[in-house]
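**Q** dropping the sequence and predicted coords here.
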Amino acid sequence: MKRLILLLPLAGFLVLAGFLYKGLFLDSRDIGSTMIGKPLPEFALASLEEPARTLGTADFEGPALVNVWATWCPTCRAEHEMLNRLAGQGVAVYGINYKDNGDAARRWLIELGNPYRFNVEDPQGSLGINLGVYGAPETFLIDKSGIIRHKYVGAIDESVWRQQLAPLYRELMDEAGR
């Protein structure tokens, strides 16, 4: 019995070490999402470009990228040029301006270009919370029915687009018959 009691801490340590070892091989950018396979949450928020206009879930037509961004986010600035290029190639991109100042966001789009078909203002982050957003930038890929099919956390660059998102986007375009 004494030996069993002495072996319990060793067994506990080995179990803990196994979990930590497994964690070394996980992708820290893949934080998952409970929203995969679910529709965009229902919302009614002001348009960033036309604050008197209210936009909702039905205004987001897929297949599309739904990009969560903010002017306070340096990584968002780094990915902005890529989003402009994608929009120039015909990729549908919608924006959620997350926990930001609307005036600053409008100036940003004038200065850096506007890749978005439109943006909604989410100053309190309520839509972000419903989407399970941890921060900015985060990008969701939605299908023609508005179902979230993929989530990417971090800046989209040429490599991320080519290797991860473009194949999924093309597949959704094919499904939509476009």
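**A** That came in fine, so what should we check first? Numbers count the residues shown, from 1 in each chain.
**Q** remind me which residues of this protein are low pLDDT?
**A** Applying pLDDT under 70 to the chain flags residues 1-4, 6-33.
**Q** which residues of it fall in helices?
**A** Secondary structure of the chain (DSSP state H): helices at 2-23, 74-88, 102-112, 126-131, 158-160, 166-176.
**Q** so what does the third one touch, helix or strand wise?
**A** Looking back up the chat, that one is helix 102-112. Helix 102-112 sits against helix 74-88, strand 119-122, with contacts defined as 3 or more Cβ pairs under 8 Å, 6 or more residues apart in numbering; DSSP states H and E. Any C-beta I mention is one placed from the backbone N, CA and C, and that applies to glycine too.
**Q** for it, which positions count as buried?
**A** Residues 102, 105, 106, 108, 109 are the ones in helix 102-112 that count as buried (16 or more other Cβ atoms under 10 Å).
**Q** would you list those in TSV and tack on distance to residue 119?
**A** Shown next, in TSV, are these (distance: Cβ to Cβ, whole Å):
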residue	distance to residue 119
102	9
105	7
106	9
108	10
109	8
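**Q** run the chain-centre distance for stretch 159-166.
**A** Centroid separation between stretch 159-166 and its chain, computed with Cα atoms, centre = their mean, to the nearest Å, is 14 Å.
**Q** for it, which positions count as buried?
**A** Buried, per 16+ other Cβ under 10 Å, within stretch 159-166: 160, 161, 165.
**Q** with stretch 44-63 instead?
**A** By neighbour count, and taking 16+ other Cβ under 10 Å as the criterion, the buried residues in stretch 44-63 are 45, 46, 47, 48, 49, 55, 59, 60, 62, 63.
**Q** re the thing from before, nearest to residue 135, of the helices and strands packed on helix 102-112?
**A** Between residue 135 and these, the tightest spacing by Cβ to Cβ is seen for helix 74-88, at 8.7 Å.
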